[in-house]
Structures are given as C-alpha cells and as structure tokens.
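1. Build me a structure from this.
(one chain, ligands or ions: 1)
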Amino acid sequence: MRYDVIVVGGGPAGSTAARECAARGMSVLLLDKATFPRDKPCGGGITLRAARLLPFDLAPVVERSIRGLDLTFSRRGGFARDAAQPLFHLVQRNRFDHFLVEQAVKAGATLRERTPLREIERERSRVIVRTGSETFEGRTLVAADGANGETAKRAGLTVPRWRILALEGNVTPSGRFPERWQTRVGIDLGAVPGGYHWLFPKGDHLNIGIGGLPSVGSALRRKFEEAVRSYGFDPAALWGVRAAPLPIRRPDTPLIHGNLLLVGDAAGLVDLLTGEGIYGAIWSGRAAATHLAAHLDGKVSDLEGYRQEVERELIPELQIAFQMWSLFHLAPAVAANLLWRRSNGPLSRLIGWTRFCRLTQGEDRYRNIRKDLRPLWSILDLVLRPAAFPFASKIFETFQR
Ligand SMILES: Cc1cc2nc3c(=O)[nH]c(=O)nc-3n(C[C@H](O)[C@H](O)[C@H](O)COP(=O)(O)OP(=O)(O)OC[C@H]3O[C@@H](n4cnc5c(N)ncnc54)[C@H](O)[C@@H]3O)c2cc1C
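-> Residues are numbered from 1 along each chain as shown. Just a heads-up that it's a prediction; the model follows:
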C-alpha cells in the first residue's frame, strides 16, 4: 500500500500530525521504534495553552492540576504564588503519549510499533522507508522522532540544534502525599546557569529534575542530588533517573525539504524560557496536517506553506522566549522577586505574574509583550537575534558557575 503520509515517531508531535491527517481523510502510517505505553524523560507539564490545542479532554490521563509555583532561589528562601485558575496539568508521559496515539488510531491512522526507521529513499513524489525487515511507501514523510531523531539525517539533511541538558528522577513519598505539593510545583532558580530545577507532583510520586546549559557537565548530577535534598528527600530513594537533551532551534534548523517535513523536537521547537516542548510539538503537528492536506489535494505544489506558517506564528514566540530567557537569567532571583512576588498592578499585567498566568493558560501570546514594550524590544531585537544563543550562554556560563 502507498500511504499519503508516513509519520516517524509517535510522541505528541507525531501522534497529533497522524491524527489530524487521518481525520482529514489521508491514509497515514505512524511508525515508532517503541511499544506504547512507552516512557520518555519529561516533567510531564502540559500547559493549558498546549491542552487547548487538542480537540479532546485530557482528564483520563491528568494526574494533578497545578495552580501555583513554590519558588526558591539557589535552594534557599523564596515565596509561593497561586493563580485563580489552573496553569497546567501534570501527566506521566507513558500514559499521555499512549492516549494521544490511541486518538490517532481512532481517527484512522495505522500504527506500527517496534518498527524503527533505518533507511529512506526519496524521490520528488514518493518516499520509501525501510525498517529492517519491512519496506513502506508513502507520498510524504513527517520526521517526528524527537531530540535524538535521525529521520531527517537519513533523508540527507543536516539538522543543527543547540541543546539544554536535563537530568530527572522520581521519588515516592512515604506516608501521606505532602500537602505542600498538592496543587503547586517547585521551581528553583539560580542553582544552574541558564536553567532551573523543578519538582512536579504526579498522582502518587514526585518528579524532580534539573536542566541547564551543557557546560554544567558532570556537575549536573551533584546539583541534581542537592536539589533532591533541598526538597527533603534522600537521593538514594530516587528511581528512574535519566538524562536527556532539550533541542533548541537554530536559525538554520530546517522545517521542510521536498516531501519531508520536521515537527516537534525534531525541528527544535522548544521554548527556552520554560523548557516547554509539548506545546511546540502539538502546534507543529497540527500545522503539518493542514499543509499536507493542501499539498496532497493538489491545492498547492509543495509544503512551503508549513515553513511559512511556523516562521510566522511559532518561531517569533520562541524568539521572544529566548530574549526573555536572556534577560531573566542575568539575575533570576531579582527578576522573579520583581515580577512575580507581590504586585497585581500594571507591572504584573505587563510582564509579571498576571501575564505569566495568561501566557500559560493560552489567553495571551509573547508577541503582545513585544508590542506593549515596543521601544525596549526594538533594542532587544537588534542585540538578541536568534543566532545570539551561544553568546548569551557564554555569559551565563562565565558569571554563574
Ligand atoms: C527532562 C525533560 C523534561 C521535560 N519536561 C517538559 C515539560 O514538563 N513540559 C513540556 O512541555 N516539555 C517538556 N520537555 C520537552 C518535551 O519532552 C519534548 O519537547 C516533547 O516530548 C517533544 O515531542 P516530540 O513528539 O517531538 O518527540 P518525542 O516525544 O521525543 O517522541 C519521539 C518519538 O519518536 C520515536 N522514534 C525515535 N527514533 C525513531 C526511529 N528511528 N524510528 C521510529 N520511531 C522513532 C520515539 O520512540 C518517540 O516515541 C522536557 C524534556 C526533557 C528532556
């Protein structure tokens, strides 16, 4: 059989692309090297803005809804702040991703598990995919194979991406679930250059992790254990500890090439300020389906519309997130105290807690901050261009060891 679309990778980007394509009547093959439910290193924070992109309720897989942050600074001091409405849901990725894949199958996608892509042959209007013992043919190909994916590379592309390094693990509290973590997450700023450590409470356990610039190197493990202790747990009690990268887009990271299209982590669509990648994954999976439909229906001759839409709608958001990350991490404790601690006034609405809540809940977009702070942001646009990430990283690495 010749499929309209072959999607490699059944994470949120791939399952969304597969579901939306199948729902539009395209024949879809969704390949994954794993068998679902499969786990994936992740805090499992699904912002309301990400959940809103999905046309179904996530209740069956939500373990906890979060309204507030419990902030500390280099594991000391700090404050807590709550929102009137939930900010995000916490899930376990094995259950969440499986649920999303099930929705793709319900919509009509054919799922092949334990099927790792090994080789690709491409011509103008067809793709041959080899997975070891089997060969599949499609008209188009979606690379949704995540941060370490090789699909685009096997199709002959270079996919440069910067990286944030993360290390995470879980701890199951003895006795009653701690009251402190019923509806809040823990975030610590300043312990690691350009990043933070977190505590995300799930149904019966807590996910603790740390992410920052790769230069932190072997100190990441030590800092991770310090983070675990700072929340009152013994690192020896951790289970499921693992490291993983978060890919950060470079200006030259490709989005399309002929009949190949990159989505989610494969295209580096992660928000550097928060580390949120699931929004970009679902968003790009949806956009991919829109443009694949137009192309396969013969309405447009190529997939250029996908590149243009991502560059017009999503990349400016990631760029502003990068600019905010660069400013915020110059002095994270000062910034958090100034912007999030008390005020509900104009500063809070402009760039503080109120705005953070609205962004997370999908009521606002980063680009409106740029618009509201136009003169300042014009300078930032000149200085902090997308290619400035290595430069900004160097500054944090030098001054925040
Ligand atoms: C420690 C950590 C914490 C994070 N926390 C959060 C968070 O709380 N909230 C958030 O929004 N984001 C978070 N992220 C980012 C988020 O996990 C990713 O951005 C998101 O999973 C990207 O989805 P994806 O579908 O692009 O890729 P993935 O979810 O990685 O899915 C890729 C899929 O491709 C499959 N695959 C790979 N290679 C092949 C192959 N050759 N053949 C077939 N299949 C293949 C894999 O098995 C996998 O199922 C975190 C990341 C890390 C590392």
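
2. and the chain, which residues reach the ligand?
-> 8-14, 31-34, 40-45, 116-117, 144-147, 149-150, 166, 168, 209, 244, 246, 264-266, 270, 275-279, 281 (Cβ under 6 Å from any ligand atom). Placement of C-beta: from N, CA and C, glycine included.

3. Would you pull up how far stretch 291-300 lies from the middle of the chain?
-> Relative to its chain's centre, stretch 291-300 lies at 27 Å (Cα atoms, centre = their mean, to the nearest Å).

4. Endpoints of it, how far apart?
-> End-to-end distance for stretch 291-300, by Cα to Cα, to the nearest Å: 9 Å.

5. what's that stretch in contact with?
-> Residues outside stretch 291-300 that contact it (Cβ atoms under 8 Å, 6 or more residues apart in numbering) are 4-5, 17, 21, 24, 26, 139-140, 142, 261, 301-303, 305-306, 309.

6. Can you select the buried ones from the residues you listed in ChimeraX?
-> Here is the ChimeraX command that picks out the buried ones among the contacts of stretch 291-300, judged by 16 or more other Cβ atoms under 10 Å:
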select :4,5,17,21,24,26,139,140,142,261,303,305,306,309
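
7. quick one: which of the contacts of stretch 291-300 is nearest the ligand?
-> Of all those, residue 17 has the smallest distance to the ligand: 9.0 Å, by Cβ to the nearest ligand atom.

8. Who are the contact partners of that closest one?
-> 5, 7, 142, 144, 263, 284, 285, 286, 288, 289, 292.

9. I'd like the residues you listed laid out as CSV, including secondary structure and pLDDT.
-> CSV is the format used below for the contacts of residue 17 (DSSP: H, G, I helix; E, B strand; the rest coil; pLDDT from 0 to 100):
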residue, secondary structure, pLDDT
5, strand, 98
7, strand, 98
142, strand, 98
144, coil, 98
263, coil, 98
284, helix, 99
285, helix, 99
286, helix, 98
288, helix, 98
289, helix, 98
292, helix, 98
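
10. Next step: the residues of the chain next to the ligand restricted to strands.
-> 8, 31, 45, 166, 168, 209, 244, 246 (DSSP state E).

11. Number of residues surrounding the closest residue to the fifth one other than its chain neighbours?
-> Leaving out its chain neighbours, the residue that sits closest to residue 168 by Cβ to Cβ, 6 or more residues apart in numbering is residue 209, at 3.2 Å. Residue 209 is flanked by 26 other residues according to other Cβ atoms under 10 Å.

12. Then the one 4 residues further on?
-> Other residues within reach of residue 213, judged by other Cβ under 10 Å, total 22.
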